[in-house]
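Participant: missing the sequence, but the structure's below:
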């Protein structure tokens, strides 16, 4: 846990955040209707909408017919289902007379999508005793422990309508509980035609691939789901558009990619899983961070080098000759001129001169006073006719050499 939290603090310090962190609280929430949200962001899923959908939601009547056929052929412990029990199931779950529901098909009042899947699962629970443990597990939050095996899901003798829809039910629950490896194990090989709720299958496949950073299969599942964007539950379409844009922009070994992998490690640690697989992922995260830091340092060095070349190299010695802006060379000699002393430049009144010398003596070392006094003497001699305007014999350093 300390590893995951420590690395996350390092990443958060440079401003990286996960795009959909915490968004999965929307799972199972009522559909939210917002004006204009049928339109996907620019560039999101435009190719899918231009094609004919490759899958369809089975009608409630078609599902009811499949359930009736299964009940007629099903055998429990080698014996057909009791007729009275079958009639009771049909009456309570698959009535022929209209009843309050979301959709009515051919006089049969049934819901579509997730509600239809729930009806099928309830039917399985009423008939197949081997499904009891699985359905009990999926009816409550996950406890931190290894999930049991359910041979029913892998047994090829189990009717497809039972096996495939129970796998979808189990995988959906696992994804909601952040058990993404277990969810992928159940959902990865299912096709839309295998289940009564293909929209939920494609959505949770997309969720699982998105969390596990499997970019290409994730985009494929989400793209297929959005082929029927206006027909699937609104919460599915909204989250699918976000996941599609998010995965499309994801780049391997970027800060965002590293941050998501750290989210994954934290999730494993929260589930009390710290085995070899998690340690390998931790090592991979550190290697990616080292690689990214090395890359940034190299880029900075290249920028500094390029900046030095543009500014020119610092000369090791001054130029021999001065250079004019036009590129012409000169000797660098300046003609001396007598600027005179008519303005009294550099002269001080005796009183001001005494005050200046006193201040210098108080605030600066004593040898500065000797330098200033020599300057005043040289200024007085320079003001005499015939003397140089700038210097004379006393232009050297003071006698004390300081």
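Facilitator: Nice, I can see it. Here the structure is a predicted model, which is why all the values come from computation and not from measurement.
Participant: Now do the buried residues in the host helix or strand of residue 290.
Facilitator: According to DSSP states H and E, residue 290 maps onto helix 276-311. Of the residues in helix 276-311, those buried by neighbour count under the rule 16 or more other C-beta atoms under 10 Å are 278, 282, 285, 288-289. The way it works is simple: take the backbone N, C-alpha and C, and place the C-beta from them, glycine included.
Participant: With stretch 196-216 instead?
Facilitator: So, applying 16+ other C-beta under 10 Å, buried residues of stretch 196-216: 196-212, 214-215.
Participant: One more: stretch 186-195?
Facilitator: Neighbour count says stretch 186-195 has 186-187, 190, 192, 194-195 buried, by 16+ other C-beta under 10 Å.
Participant: Just flag the most distant two among those.
Facilitator: Farthest pair in the buried residues of stretch 186-195 (C-beta to C-beta) is 186 and 192. Separation: 15.2 Å.
Participant: In the chain, mark out all the strands, start to finish.
Facilitator: The residue ranges that make up the strands of the chain, judged by DSSP state E, are 75-76, 79-80, 103-105, 108-110, 322-323, 329-330.
Participant: how many neighbours does residue 95 have?
Facilitator: With neighbours defined by other C-beta atoms under 10 Å, the count for residue 95 comes to 15.
Participant: Could you list the low-confidence segments of the stretch 201-350 of the chain?
Facilitator: Applying pLDDT under 70 to the predicted model, the residue ranges of the stretch 201-350 of the chain that meet it are 268, 270-272, 308-348.
Participant: low-scoring pLDDT stretches of the stretch 1-150 of the chain, where are they?
Facilitator: Filtered on pLDDT under 70, the stretch 1-150 of the chain yields the residue ranges 1-50, 97-112, 144.
Participant: One more pass at 50, please.
Facilitator: Under the criterion pLDDT under 50, the flagged ranges of the stretch 1-150 of the chain are 1-49, 98-111.
Participant: domain parsing for this protein?
Facilitator: Residue ranges of the domains in the chain are recorded as 2-15+43-250, 347-402, according to automatic domain parsing.
Participant: Tell me which of these is the most buried.
Facilitator: Per-stretch averages of neighbours, counted by mean count of other C-beta atoms under 10 Å, single out domain 2-15+43-250 among the domains of the chain, with a mean of 17.
Participant: thinking again about what came up before, including distance to residue 145, could the buried residues of helix 276-311 go into CSV?
Facilitator: CSV is the format used below for these (distance: C-beta to C-beta, whole Å):
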residue, distance to residue 145
278, 17
282, 23
285, 26
288, 31
289, 32
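Participant: Which residue comes closest to residue 222 once chain neighbours are left out?
Facilitator: For residue 222, the nearest residue in space outside its immediate sequence neighbours is residue 206; the separation is 4.2 Å by C-beta to C-beta, 6 or more residues apart in numbering.
Participant: So that neighbour sits against residue 243, correct?
Facilitator: Yes. Using C-beta atoms under 8 Å as the test, residue 206 is close enough to residue 243 to be in contact (5.7 Å).
Participant: who touches both of the two?
Facilitator: When C-beta atoms under 8 Å, 6 or more residues apart in numbering defines a contact, the residues bordering residue 206 and residue 243 alike are 218, 222.
Participant: give me every residue that touches the residue nearest to residue 222.
Facilitator: When contacts are counted by C-beta under 8 Å, 6+ apart, residue 206 is found next to 218, 221-222, 225, 240, 243.
Participant: what about it, distance to residue 276?
Facilitator: 28 Å (C-beta to C-beta, to the nearest Å).
Participant: Same check on residue 174?
Facilitator: 21 Å.
Participant: do the same with residue 160
Facilitator: Between residue 160 and residue 276 the distance, using C-beta to C-beta, works out to 36 Å.
Participant: for residue 62, same thing?
Facilitator: Look at residue 62 and residue 276: by C-beta to C-beta, they are 46 Å apart.
Participant: Among the contacts of residue 206, which are located in helices?
Facilitator: Residues of those located in helices (DSSP state H): 218, 221-222, 225, 240, 243.
Participant: Output the domains of the chain in JSON lines, with distance to residue 300 appended to each entry.
Facilitator: Compiled in JSON lines, the domains of the chain are given as follows (distance: least, C-beta to C-beta, whole Å):
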{"stretch": "domain 2-15+43-250", "distance to residue 300": "15"}
{"stretch": "domain 347-402", "distance to residue 300": "45"}
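Participant: Which one of the ones you listed lies nearest to residue 264?
Facilitator: Of all those, the one in closest proximity to residue 264, counting by C-beta to C-beta, is domain 2-15+43-250 (7.2 Å).
Participant: Which residues are in contact with residue 199?
Facilitator: Residue 199 makes contacts with 57, 113-114, 225, 228, 231-233, 236, as judged by C-beta under 8 Å, 6+ apart.
Participant: Identify, from these, the entry nearest to residue 66.
Facilitator: Proximity of those to residue 66 was ranked by C-beta to C-beta; the top entry is residue 57 with 13.9 Å.
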